[in-house]
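**Student:** 3D, please:
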Amino acid sequence: MAGESLLRFLSFRAASSLPVVLAPLILSAFVRYYQTVAEHFVKFYYTAFDSIKRTNNKDDEKEVVDEGRDGLRALYRDESMLTFETVCVSGTNAIMEQLMGMPFQKVKHVQSTVDAQPTEEGGVVILVTGALMIDEEQKPMNYSQVFHLRRDGASYYVFNDIFKLVYPQ
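**Tutor:** Below you'll find the model as predicted:
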């Protein structure tokens, strides 16, 4: 009888400590998932941002080969907000106007770090640091950018986007 009680006690202790043992593994997988989402998003975002809209002329018809920055439109919603340096705008049209109206033709972002954390309701906050080259400039400019992605069904959209150049002191 005593042996049976001890066995039940040990079984209970093992079962109740199982989540404690698995917690670091679950947390690690959880963080890796959001980090992977962030890395895929950042790759897509900067590839589109850095590309130039190109078309092919076939029999006097223009076929869009690469949408360039305009391809980012699908990432924003009417409730989305963008702060670019000191300019703050909201809504898809205003954000796209800001992104398309940049005073440079060519840009190349090189990410140094991409960090992510989960937010409420399955969202993701992403911090990117890196350097960018504009037009034919040979001196890179450091930047940081924060994205807050919100769930939209099975995908995400950009709810907040904050971009800042980091000037040397």
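**Student:** I'd like to know how many residues surround residue 105.
**Tutor:** Residues lying near residue 105 (other Cβ atoms under 10 Å) number 9. From N, CA and C alone the C-beta is placed, and that goes for glycine too.
**Student:** 399 is where my numbering starts, stick with that
**Tutor:** In the new count, where the first residue is 399, that last one comes out as residue 503.
**Student:** ok but it is inside a helix, no?
**Tutor:** No: read with DSSP: H, G, I helix; E, B strand; the rest coil, residue 503 is coil and lies in no helix.
**Student:** Grab the nearest non-local neighbour of it.
**Tutor:** residue 533 (5.9 Å; Cβ to Cβ, 6 or more residues apart in numbering).
**Student:** Sketch out the low-pLDDT regions of this protein for me.
**Tutor:** The chain contains residues with pLDDT under 70 at 399-421, 451-464.
**Student:** Would you map the strands across it?
**Tutor:** In the chain, the segments counted as strands under DSSP state E are 452-456, 459-464, 474-482, 485-488, 505-516, 522-532, 539-550, 553-564.
**Student:** Using a markdown table, lay out those together with mean neighbour count and distance to residue 442.
**Tutor:** What follows is the strands of the chain, written out as a markdown table (neighbours: other Cβ atoms under 10 Å; distance: least, Cβ to Cβ, whole Å):
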| stretch | mean neighbour count | distance to residue 442 |
| --- | --- | --- |
| strand 452-456 | 9 | 17 |
| strand 459-464 | 10 | 13 |
| strand 474-482 | 17 | 13 |
| strand 485-488 | 14 | 22 |
| strand 505-516 | 15 | 12 |
| strand 522-532 | 18 | 12 |
| strand 539-550 | 17 | 11 |
| strand 553-564 | 16 | 11 |
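**Student:** any chance of these in JSON lines, plus distance to residue 498?
**Tutor:** Below are those laid out as JSON lines (distance: least, Cβ to Cβ, whole Å):
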{"stretch": "strand 452-456", "distance to residue 498": "15"}
{"stretch": "strand 459-464", "distance to residue 498": "14"}
{"stretch": "strand 474-482", "distance to residue 498": "12"}
{"stretch": "strand 485-488", "distance to residue 498": "12"}
{"stretch": "strand 505-516", "distance to residue 498": "13"}
{"stretch": "strand 522-532", "distance to residue 498": "16"}
{"stretch": "strand 539-550", "distance to residue 498": "17"}
{"stretch": "strand 553-564", "distance to residue 498": "14"}
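**Student:** of all those, which lies closest to residue 429?
**Tutor:** Nearest of these to residue 429, taken as Cβ to Cβ: strand 505-516 at 7.9 Å.
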